[in-house]
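Q: give me a model of this one.
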Amino acid sequence: MKKYLQCIGAASVVLGTLGTASAQAPAQAPAGKLTDDVLRIGVLTDLSGVYADISGKGAVEAVKMAVEDFGGTMFGKRIEVVSADHQNKADIGAAKAREWFDIGGVDMINDLANSGVALAVAGLAKEKKRHVIVNNASNVGITNAQCSPYAVHYAYDAYSLANGTGRAVVENGGDTWFFLTVDFAFGHGLEQQVGDIVRKSNGKVLGAARHPLGTTDFSSYMLQAQASKAKIVGLASTGADAVNAVKAANEFGITKNQKLAGLLLWINDIHSLGLQTAQGMVLTNAWYWDMNEDSRAFAKRFQQRVGNMPNMAHAGDYSSTLHYLRAVQAAGTDDADAVSAEMRKRPINDMFTKNGTIRADGRMVHDMYLWEVKTPAESKHPWDYLKLVKTIPGNQAFMPLEQSSCYLVKKAS
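A: Here you go, the predicted model:
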């Protein structure tokens, strides 16, 4: 019997029995069993650092919303949500995950903003036979070297971002690149993936400069970018790092002669920069709040709770949590292997995607979208920031299954 904790760590919160199920969720039936009296979901995210705006409180609330919409209970037992701040450090994230798995009775961990943290926790989850769902990290190792039956990479990854923004920019004449890269696993992986796409598209990579996570002084990096004379300066960073880089590029006059390509920009970043600064930039995202009626309805509820519009990771946190809960319900148990099989068998049809599927390597395949930031004149209301340039079908957006090094792919074949 797992020990029930009222609170796990100073940064953790517990969500007890919740409200009634929404029309989106199937009616609860108390048929099935849990290994203890509670199903627990952990949200391991950045609550205080450079990614807090794009994950943080929003990630926690998105998971809570999914639990509420499911009905708040599983087989008549309560569903709880706990959360913690990994501080963008892989050792802290892994230690918290180990505590949750060994002592806290956590069955699934979601969000995992920061690729270094995500990779570390995925390895631990494989050892412990517990589920992890990655919605806010891009490193493709999750579905390659670090793959397992218990890890799902859900919203996006570096390959899909490179396939969207990188390929589109080269096709439009941006054939020489210089990268400004945040110096850890996420940045390295994104630079590599986009660089490969640029070279395969007959473009050239002229160099790269790597900066620490959370730096505010981009002066030396901007001088290197200018000296390269590359047509495109690719920002292999995200969150506050990307926002600060864009601001510095404008201050240094880089945008007069070179074009910026945001390789992982969020609607939150556009909001921080303002359309006057961000207009014309292209970005690849898996989801946008103003896509359709379902996305707008979710966004309205989320905004009422958080104060901002949700981004693609928040939407992924919500969608993947519901998918996990439905898989537990269908399996009739929280046994990790049975739930994993259900997650890969069941299609995903909700406000995040239609006909999404989880492959043997753990990659959730769905359409991706290339967007362009609107001009101030084109924006008609608050948070009206993006216009669709291109839909990239899921079977083209993500790494082909035959290229995956995941051992489960060979096992399945």
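
Q: quick one, helices of the stretch 301-413 of the chain?
A: 312-331, 336-345, 394-397, 407-412 (DSSP state H, counting those that start in this stretch).

Q: then the stretch 101-250 of the chain?
A: Going by DSSP H, counting those that start in this stretch, the stretch 101-250 of the chain shows helices at 115-128, 158-161, 167-171, 185-200, 219-228, 239-251.

Q: how about those in TSV, adding mean neighbour count, mean pLDDT and distance to Val43?
A: (Glycine included, C-beta is placed from N, CA and C.) Putting these into TSV (neighbours: other CB atoms under 10 Å; pLDDT from 0 to 100; distance: least, CB to CB, whole Å) gives the following:
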stretch	mean neighbour count	mean pLDDT	distance to Val43
helix 115-128	23	96	12
helix 158-161	27	94	22
helix 167-171	20	90	33
helix 185-200	22	93	19
helix 219-228	16	97	33
helix 239-251	22	93	17
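
Q: out of the ones you listed, which gets nearest to Glu293?
A: helix 158-161 (25.0 Å; CB to CB).

Q: which outside residues touch that closest one?
A: Contacting residues not belonging to helix 158-161 are listed as 138-140, 186, 189-190, 192-194, 263-264, 284, 286, 368, 392, 397-399 [CB atoms under 8 Å, 6 or more residues apart in numbering].

Q: could you redo the last one with a cut-off of 7 Å?
A: Residues outside helix 158-161 that contact it (CB atoms under 7 Å, 6 or more residues apart in numbering): 138-140, 189-190, 193, 263-264, 284, 368, 397-399.

Q: which regions of this protein sit below the pLDDT cut-off?
A: The chain contains residues with pLDDT under 70 at 1-30, 412-413.

Q: can you confirm Leu283 is in a strand?
A: Yes. Leu283: assigned to a strand according to DSSP: H, G, I helix; E, B strand; the rest coil.

Q: ok, it - contacts?
A: Leu283 neighbours (CB under 7 Å, 6+ apart): Thr165, Gly262, Leu265, Trp371.

Q: one more time with 8 Å
A: Contacts of Leu283 (CB under 8 Å, 6+ apart): Thr165, Gly262, Leu264, Leu265, Leu370, Trp371, Val373, Leu386.

Q: how about Ile142?
A: Ile142 neighbours (CB under 8 Å, 6+ apart): Ala118, Leu119, Ala122, Val134, Ala151, His153, Asp157, Gly362.

Q: with Asp367 instead?
A: Counting by CB under 8 Å, 6+ apart, Asp367 has contacts Ala286, Thr353, Thr391, Ile392, Pro393, Gly394, Ala397.

Q: just Thr333 next, same as before
A: Thr333 touches Gly32, Lys33, Leu34, Val339, counting by CB under 8 Å, 6+ apart.

Q: hmm, try it at 10 Å
A: Gly32, Lys33, Leu34, Thr35, Phe75, Val339, Glu342 (CB atoms under 10 Å, 6 or more residues apart in numbering).

Q: closest to Ser319 out of the contacts of Asp367?
A: So of the contacts of Asp367, ranked by how close each gets to Ser319 (CB to CB), first place is Thr353, at 7.2 Å.

Q: so what's the closest one up against?
A: 154-155, 286-287, 315-316, 319, 347, 364-367, 394.

Q: may I have the phi/psi pair for it?
A: Backbone torsions of Thr353, given as degrees, to the nearest 10, read phi -160, psi 160.

Q: for Tyr154, same thing?
A: phi -100, psi -60.

Q: so what's Gly123 up against?
A: Counted by CB under 10 Å, 6+ apart, Gly123 has contacts Ala94, Ala97, Val132, Gly141, Ala145, Gln146, Ser148, Ala151.

Q: ah, wrong one, I meant Asn355
A: Contacts for Asn355 were tallied using CB under 10 Å, 6+ apart; they are Pro347, Ile348, Asn349, Val365, His366, Asp367, Gly394.
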